[in-house]
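J.: sequence isn't available, so here's the structure alone:
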């Protein structure tokens, strides 16, 4: 007996999602199958709405319900600082900290030539055009601390070095609440290099 | 800044799925948002079709595209044996082993009074009515090897003991505390061969 075709199809589609393997996809599909129609309708509607109602801010490429996102529209944000991030989910993570009050710029990925992600695939020229008026005084690079993130940071540092703009990168070190004993040596090394005078 | 409402809604709905936490849900939602419209359409269509086209076999309550499932309709299956399982995913797992050629009966869960799953919530009286003609000679119990599975097995053994039917349980080749759905085919196959009379 083969798996019924609509079930197989749903498993195939679900397993295309990131971090969902075939067994998880099968479990999800069977859960959906057994679930009440109204719950499934709510799930499906939320996915359709997600795709239909959300667009990307024309200014910073953050997710938005309108042409310009809430951050870019806000009069309370410091318009002299732009934090450059990889992804919209990074904006959500940073906003949750309540530590940052500037604007954002979402690159839409990081440089990774092997995966076909080059300078042209990212919103880099859009970032440069935002710097044309003299409003922006500082760029904070907040890419993930991995090799692609570092490559992208280095590329942007080189690109921005002739402009009269301060460029900084968010600190690397021990995670708050973490344990020095269990931190990896690369992290401890970075924490030493990035030590601050007190 | 709050997360845009359609995104928040999609995260909420996705995180209702089993084994999907809030962070995974956020990651999935942002993946869907960035994905091509046609891929998202395919996913959504597969979920709608899953719910619309799949029903439950009127005979054994396995998932099926028609009123009676392929296993129950087949003339090549041994109609004298019924394997009782918890869930449709268990049928898929057992079919993959190619060790079993009888029929199935999907209970739709296991006894778990604390979670409100009682005898009446399961397809137990439907199982009994399948035994009314003399065709069935053996019942194989193939519940998960955990306490709810054992409770359900014991309940069924007691229920069936006065009927002229051999009752067996698949061998504990399955690791205790494991989940039938996630066991490898070889292990499930061995468990079938080594089933013990009760």
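T.: Yep, it's here. As the structure is a computational prediction, the values presented were derived from the model and not from experiment.
J.: where does pLDDT dip in chain A?
T.: Scanning chain A for pLDDT under 70 picks out the ranges A:1-2, A:197-198.
J.: who's in contact with the biggest helix by length in it?
T.: Assignment by DSSP state H gives helix A:37-53 as the longest helix of chain A. For helix A:37-53, contacts defined as C-beta atoms under 8 Å, 6 or more residues apart in numbering or on different chains pick out A:32, A:65, B:6-7, B:9-10, B:12-14, B:16-17, B:29, B:32-33, B:37, B:40, B:43-44, B:47-48, B:51. Using the backbone N, CA and C atoms, a C-beta is placed for each residue, glycine as well.
J.: near chain B, anything from the top strand by length along chain A?
T.: Longest among the strand segments of chain A by residue count, using DSSP state E, is strand A:78-85. No. Interface with chain B: strand A:78-85 contributes nothing (C-beta under 8 Å from any C-beta of the partner chain), its closest point being 12.3 Å away.
J.: stretch A:140-156 now?
T.: No. Using C-beta under 8 Å from any C-beta, we find that stretch A:140-156 stays clear of chain B, coming within 13.4 Å at best.
J.: which ones are touching the most centrally placed residue in chain A?
T.: Geometric centre of chain A, nearest residue: residue A:87, 1.8 Å, by C-alpha atoms, centre = their mean. Counting by C-beta under 8 Å, 6+ apart, residue A:87 makes contact with A:106, A:107, A:108, A:109, B:30.
J.: SS state for the third one?
T.: Under DSSP: H, G, I helix; E, B strand; the rest coil, the three-state class of residue A:108 is coil.
J.: quick one, which of the contacts of helix A:37-53 are buried?
T.: Among those, the ones that count as buried by 16 or more other C-beta atoms under 10 Å in any protein chain shown are A:32, B:6-7, B:9-10, B:13-14, B:17, B:29, B:32-33, B:40, B:43-44, B:47, B:51.
J.: can you give me the helices for chain A?
T.: A:5-14, A:22-34, A:37-53, A:70-73, A:88-97, A:124-130, A:147-160, A:185-193.
J.: and stretch A:58-70, what's buried?
T.: A:59, A:60, A:61, A:62, A:63, A:64, A:69, A:70.
J.: so the fourth one touches residue A:74, yeah?
T.: No. Here residue A:62 does not reach residue A:74: they are 12.0 Å apart, not a contact under C-beta atoms under 8 Å.
J.: quick check: domain ranges of chain A?
T.: Here the domain parsing of chain A from automatic domain parsing is A:5-53, A:73-193.
J.: can you redo the ones you listed as a markdown table with distance to residue B:162?
T.: Output for those, formatted as a markdown table (distance: least, C-beta to C-beta, whole Å):
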| stretch | distance to residue B:162 |
| --- | --- |
| domain A:5-53 | 32 |
| domain A:73-193 | 60 |
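J.: so which of those is the most packed in?
T.: Greatest average neighbour count among the domains of chain A goes to domain A:5-53 (a mean of 18), per mean count of other C-beta atoms under 10 Å in any protein chain shown.
J.: distance between the ends of that domain?
T.: Taking C-alpha to C-alpha, to the nearest Å, the first and last residues of domain A:5-53 lie 31 Å apart.
J.: what does stretch A:63-79 give?
T.: 18 Å.
J.: please enumerate residues in contact with it?
T.: Applying C-beta under 8 Å, 6+ apart, the contact partners of stretch A:63-79 are A:53-60, A:62, A:88, A:91, A:101-104, A:135-136, B:1-2, B:4-7, B:30, B:33.
J.: hmm, back to that, now the helices of chain A as JSON lines including distance to residue B:186?
T.: Output for these, formatted as JSON lines (distance: least, C-beta to C-beta, whole Å):
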{"stretch": "helix A:5-14", "distance to residue B:186": "22"}
{"stretch": "helix A:22-34", "distance to residue B:186": "16"}
{"stretch": "helix A:37-53", "distance to residue B:186": "35"}
{"stretch": "helix A:70-73", "distance to residue B:186": "54"}
{"stretch": "helix A:88-97", "distance to residue B:186": "40"}
{"stretch": "helix A:124-130", "distance to residue B:186": "52"}
{"stretch": "helix A:147-160", "distance to residue B:186": "39"}
{"stretch": "helix A:185-193", "distance to residue B:186": "40"}
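J.: out of these, nearest to residue B:180?
T.: helix A:22-34 (12.0 Å; C-beta to C-beta).
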